[in-house]
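Chemist: Pasting the sequence and the predicted model now:
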Amino acid sequence: MRYNIVKDANRILKDSKYLIDRPEQYKNKWKDLFGNNNPIHLELGMGRGSMIIEMAKTHPNINYIGLELDENQTATAVKYVGDQKIPNLKFICDDAKNIINIFGKEIDTIYLTFSEPWPKKNDAHRRFTDISYLKLYDRIFRKHKHIIMKTDNKILFASGLESLSNYWYSFKTVSMDLHNDERNIPNVMTDFEKQYYKEKRQVYYVDAVFDE
Ligand SMILES: C[S@@+](CC[C@H](N)C(=O)[O-])C[C@H]1O[C@@H](n2cnc3c(N)ncnc32)[C@H](O)[C@@H]1O
């Protein structure tokens, strides 16, 4: 899928009430920003954000934050939301590496959706399921650890399962073919996923938990 360039992305982000500028100022205060103590679910690398927008509309009692590095993608997410009023939704345009500066122990679930696979061995440390990232997530999970990962990339999926299990996560649900799984696993598609669904491409899924 092509990444689009959004004219005036900067201005769109600046004018949006969904985009949180300087998110570090809300560290340990996200509940105040949302005005409630509901669970907070975070998507890393949300792209154009259609999954998280849809989920926020469906589950008003969960707060959703979509984090994305690229301004153009984030601006597209802002444009998707348009005039809709979704009080339980916020966006952050930042690098996932910075999450420990943005959140205290406030996050209940992390979604890793079609993340960059970094297939070369030398780049494996950049994968969102690398142990270095799992250690960062430890510092922002509120109580229980909960990660949901979807990908079309076999290498990323296999290495993700390996590092999650080495890090003592257990698997509530694993699917090797999410869209054709007889269990009808609840799922809202991302933008990439919609394209892969049309192409009948296999999508891998894991719902992993760690309860102390
Ligand atoms: C393949 S796209 C998937 C987008 C979306 N999750 C979807 O499924 O449609 C991966 C996204 O992760 C973002 N990304 C890559 N590295 C990132 C990082 N370090 N921090 C935040 N976002 C990142 C990219 O900019 C891109 O939008």
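Modeler: Yep, it's here. Small disclaimer: the values here were computed from a predicted structure and weren't measured.

Chemist: Could you give the secondary structure assignment for Asn36?
Modeler: Per DSSP: H, G, I helix; E, B strand; the rest coil, the secondary structure class of Asn36 is coil.

Chemist: List the contacts of the closest residue in space to Asn37 that isn't next to it in sequence.
Modeler: Sequence neighbours aside, Lys31 is the residue nearest to Asn37 in space, at 5.0 Å (criterion: C-beta to C-beta, 6 or more residues apart in numbering). Yep, even glycine has a C-beta here, placed from its N, CA and C like the rest. Contacts here follow C-beta atoms under 8 Å, 6 or more residues apart in numbering; on that basis Lys31 touches Asn37, Ile40, Glu106.

Chemist: Distance to Lys200, pLDDT and neighbour count for these - can I get that in TSV?
Modeler: What follows is the contacts of Lys31, written out as TSV (distance: C-beta to C-beta, whole Å; pLDDT from 0 to 100; neighbours: other C-beta atoms under 10 Å):
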residue	distance to Lys200	pLDDT	neighbour count
Asn37	42	97	11
Ile40	34	98	21
Glu106	39	98	21
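
Chemist: Return the member of the residues you listed nearest to Ser115.
Modeler: Of all those, Ile40 has the smallest distance to Ser115: 19.5 Å, by C-beta to C-beta.

Chemist: measure the closest one to Val206 for me?
Modeler: 21 Å (C-beta to C-beta, to the nearest Å).

Chemist: what do you get for Met176?
Modeler: Relative to Val206, and taking C-beta to C-beta, Met176 is found at 10 Å.

Chemist: quick one: which of the two has more around it?
Modeler: Legend: neighbour count by other C-beta atoms under 10 Å for Met176 and Val206, higher for Val206 (24 against 13).

Chemist: what about that one, which helix or strand?
Modeler: strand 204-210 (DSSP states H and E).

Chemist: close to the ligand, is that strand?
Modeler: No - taking C-beta under 6 Å from any ligand atom as the criterion, strand 204-210 and the ligand are apart, separated by no less than 12.5 Å.

Chemist: Give me the distance between that strand and the centre of its chain.
Modeler: 13 Å (C-alpha atoms, centre = their mean, to the nearest Å).

Chemist: Strand partners (parallel or antiparallel) of it?
Modeler: In the sheet, strand 204-210 lines up against strand 145-151 (antiparallel), strand 170-175 (antiparallel) (DSSP bridges).

Chemist: Off-centre distance for the shortest one?
Modeler: This points to strand 170-175. Worked out by C-alpha atoms, centre = their mean, strand 170-175 lies 18 Å from the chain centre.

Chemist: what about that strand, average pLDDT?
Modeler: For strand 170-175, mean pLDDT rounds to 98.

Chemist: what residues does that strand touch?
Modeler: Residues contacting strand 170-175 (C-beta under 8 Å, 6+ apart): 161, 164-165, 181, 183, 185, 204-210.
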